[in-house]
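[1] coords please:
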Amino acid sequence: MDILGIQRVPHMARRNYIVEMQHMFLWGIFAGMFEGSVSSIVAAKTFNAGPWLITIVVATPMFSNLMGLVWGTLATGRRKLPLFMVLATACVAMIGSIALTPDIRIGGWIFAGQILLARVMLSGCMTVRASLWKHNYPAVQRGRIIARLQTVRFSLAIATVTCVSLLFDLSPAVYIYTYPVAGLIGGAAVLAVRRLRVRGEPAELKAIARQADRGASSSRLLAPLSAMISVLRNDPTFARYCLAMMLLGIANMMIIPVMTIIITRQLSMNYYHSCNLMEVLPRVLMMGSLIPWANLFDRVGVVRFRVLNACVWTSATVTGGIGAWIIATWGIDSVAPFAVAVTFVALSRIGEGLGRGGGAIAWNLGHLHFAEPAKAEVYMGTHVFLTGLRGMAAPFLGTYLYIHHGLAAFVVALILAIGSVWVFVNLARREGSPQRPNRSIDV
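    Okay, here's the model as predicted:
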């Protein structure tokens, strides 16, 4: 019984797939300790963080994505696997160091800094990993292959979140034990991936070296920014795609800290229920929807895929807004309004989970639809940098609007989400054919 789908992977890619599958088993446990909304819940419950510190912790993945442009430029023309292992090791070390964070007032800010640095390294891992996938898996099956890898990773992450939330309910100070253990598991995951082979990389590195203009050694600091501007100027279709992603991303990021505040503060849920509602429920649905999303992605291409994906994510904003309205209008002092409010909050998290499932496929692979092989890292870096740019403001905008204007946070997010759907629909009409040829390297 081929549960992991090994027999469905092309023979020449099978060894790398098995190595990555072993890596993902361990990496999923490690990443489950700090990815998604877990860190914001730990900040709120263990370090007694207020709304703004919660928002900062929520925003750390977005802040870290600002480095995406640097990682993309750094990875271009360099061997990918050694770079991935260095970045992953640094991420593991930072998560393990959380055990030393003092359980005092300033501890929450130190914790936020540690999560931020870990996320910066992780953003580099994601950028380089996308390049590894480009080399090692054929474009026509890439979505389904990555979906199976991500399913394993997210399954282990879900189990980790559930178990650890129970430990935190027993004692908030358990973090001094859980994070070092996560670091050890992460270290084992890094060792597991060292056996990976990068197909076609030597030829690509030689081609990039030949194309490099050795006389153009102007400001290395500005090189990543120049590369991004060049990509957006010379590929208007990709630029419009990035605009649509900007609108959708801002809408989603505005609501994430608001939902954390609602669940942990207004509904006063404990670690276990907060983690299950805020993170486990969306992750289960994300994992369960990966294969259907991947099949759709491989069949229709990224632009048409994003139309439906954006609509699903927009539904999360609508239902979350209804839940917030019930809390503001009826309160939660009696059973009926509390149950109705929790139902709509749960529906919002369901929409978030289904949206994440599609996002897990398209976020890692969408740029390959537009990029030439030698520029794949720069396209990914541009995409990740713009994700970080919107993350600089969106979570804080959402928190500010919710604290001072209540439901206006959801109204603004809904308008932006509808705008993103409109841009994606127009892009899909412009493309005409069901799928634009993918210019990345096939196996």
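[2] gap between the nearest residue to Ile56 once chain neighbours are set aside and Gly359?
    Leaving aside its sequence neighbours, Ile56 sits nearest to Ala112 (CB to CB, 6 or more residues apart in numbering; 5.3 Å). Every residue, glycine included, has its C-beta placed from N, CA and C. Distance, Ala112 to Gly359, by CB to CB, to the nearest Å: 24 Å.
[3] Asn309: which element?
    Assigned by DSSP states H and E, Asn309 belongs to helix 302-330.
[4] chain center to that helix: distance?
    Relative to the centre of its chain, helix 302-330 is centred 18 Å away, using CA atoms, centre = their mean, to the nearest Å.
[5] from start to finish, how long is stretch 386-400 in a straight line?
    By CA to CA, to the nearest Å, the extent of stretch 386-400 from end to end equals 22 Å.
[6] hmm, who's touching that stretch?
    Stretch 386-400 is contacted by residues 51-52, 54-55, 58-59, 61-68, 123, 242, 245-246, 249-258, 261, 409, 412-413 when judged by CB atoms under 8 Å, 6 or more residues apart in numbering.
[7] looking at those, which are in helices?
    In this view, those that belong to helices under DSSP state H are 51-52, 54-55, 58-59, 61-64, 68, 123, 242, 245-246, 249-258, 261, 409, 412-413.
[8] past the strand or helix carrying Thr343, which element shows up next along the chain?
    Secondary structure from DSSP H and E places Thr343 in helix 335-365. Toward the C-terminus, helix 335-365 is succeeded by helix 376-391 as the next helix or strand (DSSP H and E).
[9] now the helix holding Thr343: average pLDDT?
    Mean pLDDT, computed over helix 335-365, is 88.
[10] packing partners of it?
    helix 107-136, helix 142-170, helix 236-261, helix 281-300, helix 302-330 (3 or more CB pairs under 8 Å, 6 or more residues apart in numbering; DSSP states H and E).
[11] tell me the angle it makes with helix 107-136.
    Helix 335-365 and helix 107-136 are oriented at 40 degrees to each other (axes from the mean of the first three to the mean of the last three CA atoms, to 10 degrees).
[12] and helix 335-365, how far from the chain's centre?
    15 Å.
[13] what does stretch 22-37 give?
    With CA atoms, centre = their mean, you get 12 Å for stretch 22-37.
[14] if I look at Ala239, how far off is Val231?
    On the measure of CB to CB, Ala239 and Val231 end up 8 Å apart.
[15] who has more neighbours, those two?
    It is Val231, of Ala239 and Val231, that has more neighbours when counted by other CB atoms under 10 Å, with 22 against 14.
[16] for that one, which non-adjacent residue is closest in space?
    Thr382 (5.3 Å).
[17] please report how far the one you found lies from Val70.
    Taken as CB to CB, the span from Thr382 to Val70 is 11 Å.
[18] of these two, which one has the most company?
    Thr382 (30 against 20).
[19] hang on, that one packs against Ile229?
    No - Thr382 is not in contact with Ile229 according to CB atoms under 8 Å; the separation is 9.1 Å.
[20] residues contacting the residue lying closest to His369 once chain neighbours are set aside?
    Spatial nearest neighbour of His369, chain neighbours left out: Val302 (4.4 Å); criterion: CB to CB, 6+ apart. Shown in contact with Val302 (CB under 8 Å, 6+ apart): 241, 362, 365-366, 369.
[21] Val9: which of these is nearest?
    When the contacts of Val302 are ranked by distance to Val9 (CB to CB), Leu365 comes first, at 16.1 Å.
[22] how many neighbours does Arg233 have?
    9.
[23] host element of it?
    Going by DSSP H and E, Arg233 is part of helix 223-234.
[24] off-centre distance for that helix?
    Per CA atoms, centre = their mean, the displacement of helix 223-234 from the mean C-alpha position of its chain is 23 Å.
[25] what's that helix packed up against?
    helix 68-75, helix 236-261, helix 376-391.
[26] next, format the ones you listed as JSON lines and append mean pLDDT.
    Output for these, formatted as JSON lines (pLDDT from 0 to 100):
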{"stretch": "helix 68-75", "mean pLDDT": "72"}
{"stretch": "helix 236-261", "mean pLDDT": "90"}
{"stretch": "helix 376-391", "mean pLDDT": "77"}
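[27] got the ones you listed as JSON lines, with distance to Asp103 columns?
    Listed next are those as JSON lines, based on distance: least, CB to CB, whole Å:
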{"stretch": "helix 68-75", "distance to Asp103": "33"}
{"stretch": "helix 236-261", "distance to Asp103": "20"}
{"stretch": "helix 376-391", "distance to Asp103": "28"}
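[28] to Phe338, which of the ones you listed lies closest?
    helix 236-261 (16.3 Å).
[29] give me the contact list for whichever helix or strand comes after that closest one.
    Next along the chain after helix 236-261, taking DSSP H and E as the criterion, comes helix 271-275. For helix 271-275, contacts defined as CB under 8 Å, 6+ apart pick out 37-38, 41, 44-45, 161-162, 164-166, 168-169, 172, 263-264.
[30] swap the cut-off to 10 Å and go again
    36-38, 40-42, 44-46, 161-162, 164-170, 172, 174, 260, 263-264, 267-269, 280-281, 342 (CB atoms under 10 Å, 6 or more residues apart in numbering).
[31] please name the nearest non-neighbouring residue to Gly288.
    Gly357 (7.4 Å).
[32] which residues touch the one you found?
    147, 150-151, 154, 282-283, 285-294, 309, 312.
[33] just the buried subset of the residues you listed, please.
    Buried by 16 or more other CB atoms under 10 Å: 147, 150-151, 154, 282-283, 285-291, 293-294, 309, 312, out of the contacts of Gly357.
[34] got the CA coordinates for stretch 277-286 in PDB?
    Backbone C-alpha positions of stretch 277-286 (Å, rounded to 0.1, in the frame of the first residue of the first chain) are rendered in PDB as follows:
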ATOM      1  CA  LEU A 277      -9.600  26.800  17.300                       C
ATOM      2  CA  MET A 278      -6.900  29.100  16.200                       C
ATOM      3  CA  GLU A 279      -4.400  26.700  14.700                       C
ATOM      4  CA  VAL A 280      -5.400  23.000  14.800                       C
ATOM      5  CA  LEU A 281      -8.800  23.300  13.100                       C
ATOM      6  CA  PRO A 282      -7.300  25.400  10.200                       C
ATOM      7  CA  ARG A 283      -4.300  23.100   9.800                       C
ATOM      8  CA  VAL A 284      -6.400  19.900   9.700                       C
ATOM      9  CA  LEU A 285      -8.600  21.400   6.900                       C
ATOM     10  CA  MET A 286      -5.500  22.800   5.200                       C
END
